[in-house]
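Peer 1: kindly return the folded structure for what I paste below:
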Amino acid sequence: MKGWFDAFRSDGGPTLYSFSNRTAVTGDVAVIAWLAVFATLYVAFLIVFPGIRRERFTTFWSVTLSLFVGATISISLCGSAWHVASAPIRGTYRAFSKEKVSATLGAYVGLDHVNITLRGNATHDIDFNERFSWIDSRQMGDSFREALVRGLPYPVLTVAEHFATGQDGLAWGGQYRAAGYFAAVALRTSFAAWLLMNLMLVVVPRYGALLMTACGFLLLATACGYFGMLPDAPLLVRVDGAALRFSFGWCYWLVLAAGAVCLLVGVVTTTLEIVKPHSFLTILEVNYDTPYDRHVIIEDSRGRKDQRKRTTTLEEPHALGLGSRILRRLSSKQRDEKAAAPSNFELAGGPWKYPDSAPRPILRYGDGVQAPMW
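Peer 2: Residues are numbered from 1 along each chain as shown. Below is the predicted model:
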């Protein structure tokens, strides 16, 4: 049976499992998971969209915008592309070594971590992707010391050393940690506003528009706050003659774009609702344009309220002058006296009739014939 059970074996020995992970990281698992979740929801919406008969345009764009904003917030919280840098280098692979390697060195800063990559060219089989987290204030320094013990490549250690929070006179790590902490708190707050926005868009659209405006404002505040809390002296990492110059990545621009679109749509929707009330319907209004419709009830209540207010204004004594109030009091007394006093015709015993509903008296004759009296 030679050839069936000797794969990956040499000289009849067992299969080689020298490392727990022999393949390079090709994607962020958390980012891919969130993308799969929101993509599944959007595909499901597109499947049921042809069955929507009313408000198709409004429904399509509101759902699209909502899922786009939710995906942006979720991906940006765990993404590694807020501040990025990449450059080709030709330098030493190990410290105190004369051997030169050609590779591409990259640094990708997230809100609570930094990913450092080192990928060799065709002649060098090098592919590193190391993550250093700073959730705790001491975690970055501990991770850097562990990397020294593990013997990671010299370019990776050089970049990681610049992010060691508050150690060896390098303050970039602490400033990146503060900026990431602020951005994470603002994004979680905007996520809560996004959830309430989805609820109110279904129930009360005008409140949903206000929450959409608030969500867009929070996203823009996140981008502006992260920009303002970055180090005043830009981080510049030099490795064997090459320089890593950092710039904003796609996570930052995605949050900025989502905030601008959300704020713009929220302001426009709120303005239209103020200028022309009840312009936007909800999916719960199944009895539209009937006596049980919310808009009809609101308009009816407003009309009754205005009528009651006008009546109250006319009846208020302070709205009339002194002479008008005296004449009104005298006329009301005269009307009461006339209504209470009986007329001369009634005192003289005028004709009286039974009401229509009262039974008429019956006159009985001797032969059994009955006839009414009148």
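
Peer 1: alpha carbons only for contacts and neighbour counts from here, please
Peer 2: Will do.

Peer 1: can you map out the strands along this structure?
Peer 2: Along the chain, counting by DSSP state E, strands occupy 83-92, 100-109, 113-120, 127-133, 236-239, 242-245, 247-248, 362-364, 370-372.

Peer 1: tell me which of those lies nearest to E55.
Peer 2: Judged by CA to CA, the one of the strands of the chain that comes nearest to E55 is strand 247-248, at 38.6 Å.

Peer 1: so what strands line up beside the closest one?
Peer 2: strand 83-92 (antiparallel) (DSSP bridges).

Peer 1: can you report how many residues lie near D28?
Peer 2: If you count neighbours by other CA atoms under 10 Å, D28 ends up with 11.

Peer 1: excluding chain neighbours, what is closest to it?
Peer 2: Spatial nearest neighbour of D28, excluding adjacent residues (CA to CA, 6 or more residues apart in numbering): G79 at 7.8 Å.

Peer 1: for the one you found, which residues are in contact?
Peer 2: By CA atoms under 8 Å, 6 or more residues apart in numbering, the contact set of G79 is 28, 30-31, 110-111, 251.

Peer 1: you'd agree L105 is up against T117?
Peer 2: Yes - under the criterion of CA atoms under 8 Å, L105 makes contact with T117 at 5.8 Å.

Peer 1: give me the common contacts of the two.
Peer 2: Counting by CA under 8 Å, 6+ apart, the residues touching both L105 and T117 are V156.

Peer 1: ok, now how distant is the nearest residue to L244 once chain neighbours are set aside from V109?
Peer 2: Computed as CA to CA, 6+ apart, the closest residue to L244 that is not its neighbour in sequence is V237, at 5.0 Å. V237 sits 14 Å away from V109 when distances are taken as CA to CA, to the nearest Å.

Peer 1: more neighbours, these two?
Peer 2: V109 (27 against 19).

Peer 1: just among the contacts of G79, which is most surrounded?
Peer 2: Highest neighbour count within these: L111, with 26 neighbours (other CA under 10 Å).

Peer 1: residues touching it, list them.
Peer 2: 77-80, 82, 176-177, 179-181, 183-184.

Peer 1: closest one of these to G151?
Peer 2: Nearest to G151 among these is S80, at 23.8 Å by CA to CA.

Peer 1: that closest one against Y108, yeah?
Peer 2: Yes - in terms of CA under 8 Å, S80 counts as a neighbour of Y108; the distance is 5.5 Å.

Peer 1: who touches both of these two?
Peer 2: Taking CA under 8 Å, 6+ apart as the contact rule, S80 and Y108 both touch 114-115.

Peer 1: need phi/psi at the residue nearest to D28.
Peer 2: Backbone geometry at G79, expressed as degrees, to the nearest 10, gives phi -70, psi 160.

Peer 1: can you give me the pLDDT of it?
Peer 2: Note on G79: pLDDT of 89.

Peer 1: that one and S133: what is the separation?
Peer 2: From G79 to S133 the distance is 13 Å (CA to CA).

Peer 1: just W61 next, same as before
Peer 2: Distance, W61 to S133, using CA to CA: 38 Å.

Peer 1: comparing these two, which shows the higher neighbour count?
Peer 2: Neighbour totals were compared for W61 and S133, and S133 leads with 23 against 11 (other CA under 10 Å).

Peer 1: surely the more buried one touches H113?
Peer 2: Yes - S133 is within contact range of H113, at 4.0 Å (criterion: CA under 8 Å).

Peer 1: okay, buried residues for the lengthiest helix in the chain please.
Peer 2: Looking across the chain with DSSP state H, the single longest helix is helix 172-203. Neighbour counts over helix 172-203 (16 or more other CA atoms under 10 Å) mark 172-181, 183-184, 186-187, 190-191, 193-194, 196-198, 200-201, 203 as buried.

Peer 1: who does it touch, helix- and strand-wise?
Peer 2: For helix 172-203, the elements it packs on are helix 56-78, helix 205-229, judged by 3 or more CA pairs under 8 Å, 6 or more residues apart in numbering; DSSP states H and E.

Peer 1: identify the residues contacting G225.
Peer 2: Contacts for G225 (CA under 8 Å, 6+ apart) come out as 179, 182-183.

Peer 1: export those residues as a markdown table, with columns for distance to V48.
Peer 2: A markdown table is the format used below for these (distance: CA to CA, whole Å):
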| residue | distance to V48 |
| --- | --- |
| A179 | 41 |
| F182 | 39 |
| A183 | 36 |
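
Peer 1: for those residues, which one is nearest G208?
Peer 2: Among the contacts of G225, and counting by CA to CA, the member closest to G208 is A183, at 23.8 Å.

Peer 1: is it true that the closest one touches L220?
Peer 2: No - between A183 and L220 there is no contact under CA under 8 Å: 10.5 Å.

Peer 1: run through the stretch 51-200 of the chain and note the low-pLDDT ranges.
Peer 2: 122, 124, 165-170 (pLDDT under 70).

Peer 1: make it 50
Peer 2: For the stretch 51-200 of the chain, no stretch has pLDDT under 50.

Peer 1: domains of this structure?
Peer 2: Using automatic domain parsing, the domain ranges for the chain come out as 25-284, 287-338.

Peer 1: just those: most buried one?
Peer 2: Ranked by mean neighbour count, the domains of the chain are led by domain 25-284 with a mean of 17 (mean count of other CA atoms under 10 Å).

Peer 1: let me know the distance separating the residue nearest to S102 when sequence neighbours are not counted from V268.
Peer 2: Nearest non-adjacent residue to S102, counting by CA to CA, 6+ apart: R90, 4.4 Å away. In this view, R90 and V268 are 53 Å apart by CA to CA.

Peer 1: so how far is K98 from the residue nearest to S102?
Peer 2: From R90 across to K98, the span is 12 Å (CA to CA).

Peer 1: cool, thanks, signing off.
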